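> below is the structure, and that's it, no one-letter string:
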């Protein structure tokens, strides 16, 4: 029996771990061929191997989405290996929090570079490929829809104390989504956003005692939240708990389905019923 995404080519940034990994596995399980990206080689290769072990097809494109040459290299990987692009998920990201009076320029620009400039560059690099594919299909009398799913956050919709940099970047993704939905509709590209609430990943794990940290592009970034705060956040969510990466991936999958071909320029909140603002 044919799978819903058979033959589709999906590019997913930040897909070596967490939500991105879950998205890669979800789309691959439904037939998509996946270009996996991570900052580090091992996580990316591990996801590629996991997809291949399950009978799927995947290739890695390792590197930082903020590198000036990354977008072209990412798109070229898909074209060289799979001769096309059908789905782009701009997922890579992290948080680097502080109240505004203590926030450095480095913190500010790090969030804008990762969450807003990187997706801009990727979509800019993809446009000539998408245009050529769309033109060829139109001349052949074929109608093929393609999908862009940009990842945002409820912080980008309602703001969040200590996250001016992150919230601004995520709010900007909404503007980019709405703009490209209008620019790319003629190419039959649906452009939508998924805004996440509290999803349990390595960045939001409950950590008692000493703060945990991860290294991202040479910076030590504090991660994790206190068990007490997790309980408070869970209590505020109508469904009573934070979401799983697999549930987060499900929201992206909805926008990749043929059933979403007439949905574009929209933001779907995946937050268990909880929103900010």
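Everything's here; your move. These numbers come from a predicted model, not from an experiment.
> ok, residue 133 touching residue 82?
No: with contact defined as Cβ atoms under 8 Å, residue 133 does not count as touching residue 82 (11.9 Å). Every C-beta, even on glycine, is put in place using the N, C-alpha and C of the backbone.
> number of nearby residues for the closest residue to residue 45 other than its chain neighbours?
In space, and not counting its chain neighbours, residue 45 is closest to residue 60: 5.7 Å by Cβ to Cβ, 6 or more residues apart in numbering. Close neighbours of residue 60, defined as other Cβ atoms under 10 Å, add up to 21.
> for residue 67, same thing?
When neighbours are defined as other Cβ under 10 Å, residue 67 has 14 of them.
> in terms of helix, strand or coil, where does it fall?
With DSSP: H, G, I helix; E, B strand; the rest coil as the basis, the three-state label of residue 67 is coil.
> next, it: phi, psi?
Here is the backbone geometry of residue 67 (degrees, to the nearest 10): phi -60, psi 140.
> what about it, distance to residue 118?
Remark: distance between residue 67 and residue 118 (Cβ to Cβ, to the nearest Å) = 9 Å.
> do residue 198 as well
Counting by Cβ to Cβ, the gap between residue 198 and residue 118 amounts to 24 Å.
> what does residue 83 give?
The spacing between residue 83 and residue 118, counted by Cβ to Cβ, is 24 Å.
> neighbour count: these two, which is higher?
Between residue 83 and residue 118, residue 118 has the larger neighbour count (other Cβ under 10 Å), namely 24 against 10.
> which strand or helix spans that one?
Following DSSP states H and E, one finds residue 118 within helix 118-139.
> tell me which residues in that helix are buried?
Of the residues in helix 118-139, those buried under the neighbour-count criterion (16 or more other Cβ atoms under 10 Å) are 118-119, 121-123, 125-126, 129-130, 133-134.
> from those, which two are the most distant?
Of all pairs drawn from those, the greatest distance, 23.8 Å, lies between 118 and 134 (Cβ to Cβ).
> ranges for the helices of the stretch 1-150 of the chain?
With DSSP state H, counting those that start in this stretch applied, the stretch 1-150 of the chain shows helices at 18-29, 41-53, 70-82, 105-112, 118-139, listed in chain order.
> mind checking which of the ones you listed is nearest residue 184?
With respect to residue 184, and counting by Cβ to Cβ, the nearest of these is helix 118-139 at 7.1 Å.
> let me see the mean pLDDT of the closest one.
pLDDT averaged over helix 118-139 equals 98, rounded to a whole number.
> so how far is stretch 2-17 off the chain centroid?
Taking the mean C-alpha point of stretch 2-17 and that of its whole chain, the gap between them comes to 12 Å (Cα atoms, centre = their mean, to the nearest Å).
> oh, that last question was meant for stretch 33-46, not what I typed.
Counting by Cα atoms, centre = their mean, stretch 33-46 is centred 14 Å from the centre of its parent chain.
> quick one: low-confidence parts of this protein?
206-211, 277 (pLDDT under 70).
> center of it, which residue is that?
The chain has residue 91 as the residue nearest its centroid, 1.6 Å off, counting by Cα atoms, centre = their mean.
> report the contact partners of it.
Residues near residue 91 by Cβ atoms under 8 Å, 6 or more residues apart in numbering: 12-15, 19-20, 23, 151, 252.
> ramachandran angles for it?
Comment: the main-chain dihedrals of residue 91 come out as phi -110, psi -30, following degrees, to the nearest 10.
> likewise for the one 3 residues further on?
The phi and psi torsions at residue 94 (degrees, to the nearest 10) take the values phi -160, psi 180.
> does the residue nearest to it when sequence neighbours are not counted have beta-bridge partners, and which?
Nearest residue to residue 94, sequence neighbours excluded (Cβ to Cβ, 6+ apart): residue 216, at 5.7 Å. Each beta-bridge partner of residue 216 is listed here: residue 219, as defined by DSSP bridges.
> cool, thanks, talk later.
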